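# My questions concern the predicted model and sequence given below.
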Amino acid sequence: MKTINKLIRDNIPQIILNEGKIPHFYKIEDNYEFYNHLCQKLMEETNEFLENKDIKELVDILEVIEAIIEYNKIDYSTIAKLKKEKVRKNGKFKKRLFLTEIE
C-alpha cells in the first residue's frame, strides 16, 4: 500500500479504480481542515510548476485558486475588480523590471 495523504480532485478515486487499484479516502467535513488542505495543495502545485514549468501545473494552480475563492464565498467579479485596481496602481510585469535596491 502506498501512502499519499493529500487533497485530490473529485474524479481521482474512479480513475484509481479504473486502474485496478483500490483508493482509500474520506470526505473532509471540517471547513478548517479543508481550507488548510487547499492551502497545502496550492503550495504543492506551485512547487511542481516551479520544478518542471509544465503548463498543466498552471491549470492545477488555477483550479486550487478557484476552490479557495469559492470556499471564501468571494464573487469572481470582486476578484476581477481588485485585480484591475491593483494593475492600475502597481502595473503588471510586462516591462520585466527587477528592483535591485532603494537608497
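Now that the structure is in, tell me what you want to look at. These numbers come from a predicted model, not from an experiment. Residues are numbered from 1 along each chain as shown.
# only C-alpha atoms for contact and neighbour calcs from this point on.
Fine.
# just checking, what's the longest helix in this structure?
Scanning the chain for the helix with the most residues, using DSSP state H, yields helix 31-52.
# tell me, how many neighbours does the closest residue to residue 61 other than its chain neighbours end up with?
Closest residue to residue 61 apart from its sequence neighbours, by C-alpha to C-alpha, 6 or more residues apart in numbering: residue 45 at 5.7 Å. Neighbourhood size, residue 45 [other C-alpha atoms under 10 Å]: 20.
# do the same with residue 44
Neighbours of residue 44 (other C-alpha under 10 Å): 16.
# With residue 30 instead?
With other C-alpha under 10 Å as criterion, residue 30 counts 8.
# contacting residues around it?
Residues near residue 30 by C-alpha atoms under 8 Å, 6 or more residues apart in numbering: none.
# Next one, pLDDT for it please.
At residue 30, the model reports a pLDDT of 95.
# wouldn't residue 42 be in contact with residue 64 here?
Yes. Using C-alpha atoms under 8 Å, residue 42 makes contact with residue 64 at a distance of 6.0 Å.
# follow-up on the earlier one: for the longest helix of the chain, which residues meet the burial criterion?
Buried positions in helix 31-52, judged by neighbour count with 16 or more other C-alpha atoms under 10 Å: 34-35, 37-38, 41-42, 44-46, 48-49.
# Closest one of these to residue 91?
Nearest to residue 91, judged by C-alpha to C-alpha, of the buried residues of helix 31-52 is residue 46 at 22.9 Å.
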